[in-house]
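Asker: Just to be clear, the model below is a prediction. Sequence and coordinates:
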Amino acid sequence: MITVAVDCMGGDVGPAVTLPACAAFLASHPQAKLLLVGQPAVLAAWPQVLNNVRCSVVPASEVVAMDDPVEVALRRKKDSSMRVAITQVKDGTAHAMVSAGNTGALMAIARYVLKTLDGIDRPAIASQLPNSRGGATTVLDLGANVDCTAEHLLQFAVMGSALVAAATGRKEPSVGLLNVGEEIIKGSEVIKKAGVLLRNAANTGHLNFFGNIEGDDVFKGTTDIVVCDGFVGNVALKVSEGLAAMISGFIREEFSRNIFTKMAAIVAYPVLSAFKKRVDHRRYNGAALLGLRGLVFKSHGSADAFAFEQALCRAYDAALNNLLDNVRERIAQAAPLIAGGAVPSDFKNVPTI
């Protein structure tokens, strides 16, 4: 049995979303158990979920609000549902935890309670964006680290490879470095240095590095993994979500115009519906906080029950496929490259543009 701790109070809506999602998740995952963390009096409004034999309530008296400063969440709300859920992972009671709460607070509390893995300076947020090949591209970082060094980007690549390998079974998923061009002479000093480190890692057999890629390659599915700093990654994520919303709005609008557009829309409905489903960002909800000594997954704060259920599925799959052990193993293998921080001599031969 895989046990997942759920921060039931987190997110824009809280239990009205998280508990129906938990019910749907349990119905499709007979080998799962859930620890429902939150205020018992509030959770009691959903007896149909709480009465499930594979559910148990873990009381927490406080809630981290979406606008709480990190300092408040970390230092003052020590009995928050978020922190208690993370503690279940630390204590070994749960294999993973999921929260739709405040991202900054979740990262800070998880890092404080669980600590980072040896060899990792900063945890990264990794999630999937739909691509034109019918699958998804894993992108990291998606907002945890706005300013990154080249060494951080190398660490992200190693952790992302472990994530995709565990999720898909591919032993050597391909890694692309997001840049303003494919040429190695392009980009900032950090990106060029990261490129050298990644090529060096590929030459020593620690990564399947494809090379530099551009923004459109994320959605083309050129590589399995895309590495970038948190600022760029978060922009890509929001663009993807905005595109999905625009497509959904377009389909609704076409069905509501005149009789001719309605007829055309009806004929095209199967294609439009399939395309809408493919780019629906809710299907990809659930970002992994990689680099911690435990499995923590972040759901979008405004997620509905379907989207939050997907986050639960990702946490379950990560635990089932031993993601944490895979990340730890790959980091250990690449330790000389990650810890050394040395830049090969060929970096001096990369001109500035």
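Answerer: That came through fine.

Asker: Tell me which residue lies nearest the centroid of this structure.
Answerer: Taking CA atoms, centre = their mean, the centroid of the chain lies closest to A287, which sits 1.7 Å from it.

Asker: So in terms of bridging, what pairs with that residue?
Answerer: Beta-bridge pairing for A287 (DSSP bridges): K298.

Asker: Could you pull out the helices in the chain for me?
Answerer: 15-28, 40-43, 47-50, 70-71, 81-90, 103-114, 150-168, 189-203, 215-220, 230-255, 259-279, 305-320, 323-333, 335-340 (DSSP state H).

Asker: These: lowest mean pLDDT?
Answerer: Per-stretch mean pLDDT for those is lowest at helix 259-279 (a mean of 61).

Asker: Residues contacting stretch 226-246, please?
Answerer: 124-125, 127, 129-130, 137-148, 152-153, 156-157, 160, 175-178, 190, 194, 198, 213, 215, 217-219, 276, 279-281 (CB atoms under 8 Å, 6 or more residues apart in numbering). (C-beta placed from N, C-alpha, C; glycine too.)

Asker: Quick one, which of the residues you listed are buried?
Answerer: Among the contacts of stretch 226-246, those that count as buried by neighbour count (16 or more other CB atoms under 10 Å) are 124-125, 127, 129-130, 137-145, 148, 152-153, 156-157, 160, 175-178, 190, 194, 198, 213, 215, 217-219, 276, 279-281.

Asker: picking up where we left off before, can you put the helices of the chain in CSV and add distance to S61?
Answerer: Compiled in CSV, these are given as follows (distance: least, CB to CB, whole Å):
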stretch, distance to S61
helix 15-28, 15
helix 40-43, 9
helix 47-50, 18
helix 70-71, 19
helix 81-90, 9
helix 103-114, 16
helix 150-168, 34
helix 189-203, 44
helix 215-220, 42
helix 230-255, 32
helix 259-279, 40
helix 305-320, 23
helix 323-333, 29
helix 335-340, 40
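
Asker: I'd like to know which of those helices lies nearest to I2.
Answerer: helix 305-320 (4.9 Å; CB to CB).

Asker: how far does that closest one sit from the chain's center?
Answerer: In terms of CA atoms, centre = their mean, to the nearest Å, the gap separating the centre of helix 305-320 from the centre of its chain is 11 Å.

Asker: ditto for stretch 14-21
Answerer: On the basis of CA atoms, centre = their mean, the separation between the geometric centre of stretch 14-21 and that of its chain is 20 Å.

Asker: Now for V164: which residues touch it?
Answerer: Applying CB under 8 Å, 6+ apart, we find V164 in contact with T138, R170, P173, D224, I225.

Asker: Relative to T223, how far out is the closest residue in space to the second one that isn't next to it in sequence?
Answerer: Read that as R170. Of all residues not flanking R170 in the chain, V164 sits nearest, at 6.4 Å (CB to CB, 6 or more residues apart in numbering). With the distance defined as CB to CB, to the nearest Å, V164 ends up 10 Å from T223.
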